[in-house]
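> any chance you could fold what I've pasted below:
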Amino acid sequence: MELGAFSVSLAVKDLETSRKFYEKLGSKPFGGDPQQNWLILKNGHQVLGLFQGMFEGNILTFNPGWDQDAKELDSFTDIRKLQRELKNQGLALSSEADESSTGPASLTLTDPDGNQILLDQHR
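Residues are numbered from 1 along each chain as shown. Sure, this is the predicted structure:
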């Protein structure tokens, strides 16, 4: 099952403090909007999202249709198909994509240790 680009989304207390910390580890700004309290950093192929005041807890994020540089893939598995596969595997979803829709959609689930997982398709 191909879930798309992977990143970790961190709920941070202070965006600027966290940015400086992760830059010392070699990450560089890649996207986002600090004025809206979010920033995307990259270090090689690793993608790290910093989000201040947007959600509780950290989230493992997959983006169907994107590569690690947030570029659109020619071919990818639509999130609604992934959703059906996850349900067929017996996984409970916390939120679901509308099966009657097309294009952008998301779904969430929680792993056995309570970690949130977001599949977020942008196209």
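> could you look up the SS state of Glu16?
Under the three-state scheme (DSSP: H, G, I helix; E, B strand; the rest coil), Glu16 adopts helix.
> that one: how many residues sit nearby?
12 (other Cβ atoms under 10 Å). Quick note: C-beta positions are derived from backbone N, CA and C, even for glycine.
> quick one: the helices in this protein, in order.
Per DSSP state H, the chain carries helices over the ranges 15-24, 79-88.
> where in this structure is pLDDT low?
Within the chain, no stretch has pLDDT under 70.
> just give me the residue right at the centre of it.
In the chain, the centroid-proximal residue (Cα atoms, centre = their mean) is Thr61; its distance is 2.5 Å.
> contacts only, for Asp98.
For Asp98, the contact set (Cβ atoms under 8 Å, 6 or more residues apart in numbering) comprises Ala105.
> any idea how far Phe55 is from the residue nearest to Phe51 when sequence neighbours are not counted?
Closest residue to Phe51 apart from its sequence neighbours, by Cβ to Cβ, 6 or more residues apart in numbering: Trp38 at 4.8 Å. For Trp38, the distance to Phe55 (Cβ to Cβ, to the nearest Å) stands at 10 Å.
> those two - which one has more neighbours?
Higher neighbour count among Trp38 and Phe55: Trp38, with 18 against 12, using other Cβ under 10 Å.
> of the helices of the chain, which stretch is the most buried?
Counting by mean count of other Cβ atoms under 10 Å, helix 79-88 has the highest mean neighbour count of the helices of the chain, with a mean of 17.
> got the end-to-end distance for stretch 112-123?
Counting by Cα to Cα, to the nearest Å, you get 29 Å between the two ends of stretch 112-123.
> contacts for that stretch, please.
For stretch 112-123, contacts defined as Cβ under 8 Å, 6+ apart pick out 3-4, 9, 57-66, 72, 78-79, 82-83, 94, 97, 103-111.
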